[in-house]
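In: This is the structure alone, sequence omitted:
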């Protein structure tokens, strides 16, 4: 769930919020259907795009119109109401032009075709009627494009959401083989479904069994897979795209090009018939899809189930039928008003806000990253750097450690090749960007002299880190930023070992680095704005969502996680069962249960984090008896790494550790046993401890805004996305009700449930965080 949330940035939607707020739902449809009357100027003879702001058109002597879309007020091509109106007029003009036989739709942007549309329009939608007007306006426009003269979608870069739905309305699709080219329908990530005909045209084009996973997962496909799925008809080199598209348009206009679609061979045809051509087969597909969704989401996300319902209804009525389009429109409207969709959309906007650098951009861009330590974290930092244009030097103290790090990177990239997310050539090209060196090789000094940023990921020892800081600063440039990936040592303490503390800061990545989207950047009092800006730019280019966090124990995410895990221990010692706690929090929406999480992280690591926080948080991490961890560590029950922790691991099997249960019984005998260990009780106790600490972080200016807290919680540990983060959860719960519940638990269980003052203040004032 956490990994897939990063796909939210790839979707845009329609920017008609102002029109919705001003005039209600009816004008939305009218604006989408408006043609020449809405255009800035009347069309001039011979130029179908005359007077249009975002489109240009060049009609070639062979009758092919080259249409280029270049959104003038946005860095990316996104669809909004103004674009919709121009698109409608443009196609009316193309249809009426006697010298136009076919068209090619290209993008003038370097990295995207059409990235989707601007979802800020939803801010003005307050009812199902408002949301219903959106598909009711788009459907006729895309049908008009689909039913006219042949049109070739010439795709380079992002083709997502409404962009792909527009491409599906075109007669023929060609995409480039560039790694920047990705196609997908990620609307499910926003708690909605494709509302511009995607639920109709996609299964009709590529078949039910191929279409459902794309819509349900919101995943993107690269050119090679798009071609195999027949989502596109042809692929081309980026430099040959326009030429290939013109040729295709000529062929379509003359009737010499007939797109080859549908299943090939007896096996493919028989499979399609059995699964999609019979009621038994299609029922099996839908039943399996629903079971898969319920297993993954536990029914917490309504959008995937709504997608299945719409496609199933459309299968019976016929794809692209009136009933099919209406089923899509009605489901889109119902999903739009759900709290889940509102929360998921808030994450999209929150992520956008966090990706704006609060510091002035540096005049020169970083090109070379040096990484100290080839362990799990160091190798992970390399892995997210090399695909994004950086050359990297990886330094380790031993040849064995360096080899393991390089092997980890190579193995993960090979996995992407196997899953066809990159080619073997691209993998080898990336590996060539890494230079591995050891401290016994004097060449490491030459390598690190090139660095613009150094990321240190060595063992958590202040003495060791001070030593490597001194050694590395002797060879790097004066402007090089030095970042520590520490998760436990204060950045100010580490900076005392630096001769250039103004260039020193923390860059705290989360494991596994290649999958977790969050990056905490921690500055100390002497960190310069230029260094902070450079760290932000590098993290952003690595594909991370960076947040700035104050230099305190645990920073933000681990600081909130401490009380959460402390409450899990208190629950265990109060009589709650290991499996019951895990299941309760999974059902609440966390991607991993707390008992499984502590086993994956390592119980000794969790104990160390608790001790690190104790001096700062006091009673807020003192609900459980910490001596329990000492006994667990002495027994070497450290989690998955030792085969035994809260669970016993044998191959793929995972059973509750009965020895751990017996140990817990000795602690349960020392304290009164709690009778209210229901799932709801477990959920509130654990959730409220996390949320309360997040509130303390805002109160103590550890984080700058509630949005930072929401994004950090969701992308850092997987706080349930459909709840929008801890601060949005309080808003939906009601601050007064939340505080009342916490004080009820305080009276029953202790002062660690005392609400943060900021929560009490918001409750008293009736305020919301958002």
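Out: Thanks, I have it. Remember, predicted model here, so these are calculated numbers, not experimental data. Numbers count the residues shown, from 1 in each chain.
In: For stretch 93-106, buried residues please.
Out: Neighbour-count burial for stretch 93-106, with 16 or more other CB atoms under 10 Å as criterion, is recorded at 93-94, 97, 100-106. Every C-beta, even on glycine, is put in place using the N, C-alpha and C of the backbone.
In: now stretch 411-429
Out: By 16+ other CB under 10 Å, the buried positions in stretch 411-429 come out as 412-413, 416, 421-422, 427.
In: contacts for stretch 72-80?
Out: Stretch 72-80 has contacts (CB atoms under 8 Å, 6 or more residues apart in numbering) with 12-16, 53-54, 69-71, 87, 107, 109, 111-118, 121, 158, 162-163, 166.
In: ok, back up a step: give me the subset of the buried residues of stretch 411-429 lying in helices.
Out: 412-413, 416, 427 (DSSP state H).
In: By pLDDT, rank the buried residues of stretch 411-429 and give me the bottom one.
Out: Within those, pLDDT reaches its minimum at residue 421, with 77.
In: Phi and psi next, for that residue.
Out: Main-chain dihedrals, residue 421, degrees, to the nearest 10: phi -90, psi -10.
In: residue contacts, the nearest residue to it once chain neighbours are set aside?
Out: Residue nearest to residue 421 in three dimensions, not counting chain neighbours: residue 222, with 6.4 Å by CB to CB, 6 or more residues apart in numbering. Counting by CB under 8 Å, 6+ apart, residue 222 touches 179, 181-182, 420-422.
In: Would you mind checking which of these is nearest to residue 202?
Out: Closest approach between these and residue 202, by CB to CB: residue 182, at 15.4 Å.
In: Just give me the neighbour total for that closest one.
Out: 26 (other CB atoms under 10 Å).
In: Confirm for me that it is in contact with residue 219.
Out: No: counting by CB atoms under 8 Å, residue 219 is not a contact partner of residue 182; they are 9.5 Å apart.
In: can you give me the strands in the stretch 1-150 of the chain?
Out: Residue ranges of the strands in the stretch 1-150 of the chain, as given by DSSP state E, counting those that start in this stretch, are 12-13, 55-59, 64-69, 78-79, 102-107, 112-114, 116-117.
In: could I get the ones you listed as TSV with mean pLDDT and distance to residue 718?
Out: Formatted as TSV, the strands of the stretch 1-150 of the chain follow (pLDDT from 0 to 100; distance: least, CB to CB, whole Å):
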stretch	mean pLDDT	distance to residue 718
strand 12-13	28	25
strand 55-59	95	42
strand 64-69	96	37
strand 78-79	90	29
strand 102-107	97	35
strand 112-114	94	29
strand 116-117	85	25
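In: Comparing those, which comes out most buried?
Out: Sort those by mean neighbour count, taking mean count of other CB atoms under 10 Å, and strand 116-117 sits at the top with a mean of 30.
In: what lines up beside it in the sheet?
Out: Partners of strand 116-117 in the sheet, by DSSP bridges, are strand 12-13 (parallel), strand 78-79 (parallel).
In: and that strand, how far out from the chain's middle?
Out: 16 Å (CA atoms, centre = their mean, to the nearest Å).
In: now stretch 538-546
Out: On CA atoms, centre = their mean, the centre of stretch 538-546 falls 12 Å from the chain's centre.
In: cool, stretch 223-239 as well?
Out: The answer for stretch 223-239 is 25 Å, by CA atoms, centre = their mean.
In: Now the terminal residues of it, how far apart.
Out: End-to-end span of stretch 223-239 (CA to CA, to the nearest Å): 15 Å.
In: Flag the shaky bits of this structure, pLDDT-wise.
Out: For the chain, the stretches with pLDDT under 70 are 1-46, 675.
In: sorry, back to before: where strands are concerned, which of the contacts of residue 222 count?
Out: The strands, defined by DSSP state E, take in residue 182 from those.
In: Run through the helices of the stretch 601-750 of the chain in chain order.
Out: Taking DSSP state H, counting those that start in this stretch to define them, one finds helices in the stretch 601-750 of the chain at 603-617, 627-634, 658-668, 679-699, 706-717, 726-733, 735-749.
In: Buried residues, the second one. List them.
Out: When you say that, I think you mean helix 627-634. For helix 627-634, a neighbour-count test (16+ other CB under 10 Å) marks 628-629, 632 as buried.
In: Looking at those, spot the one nearest residue 580.
Out: Closest to residue 580, out of all of the buried residues of helix 627-634 and judged by CB to CB, is residue 628, at 17.7 Å.
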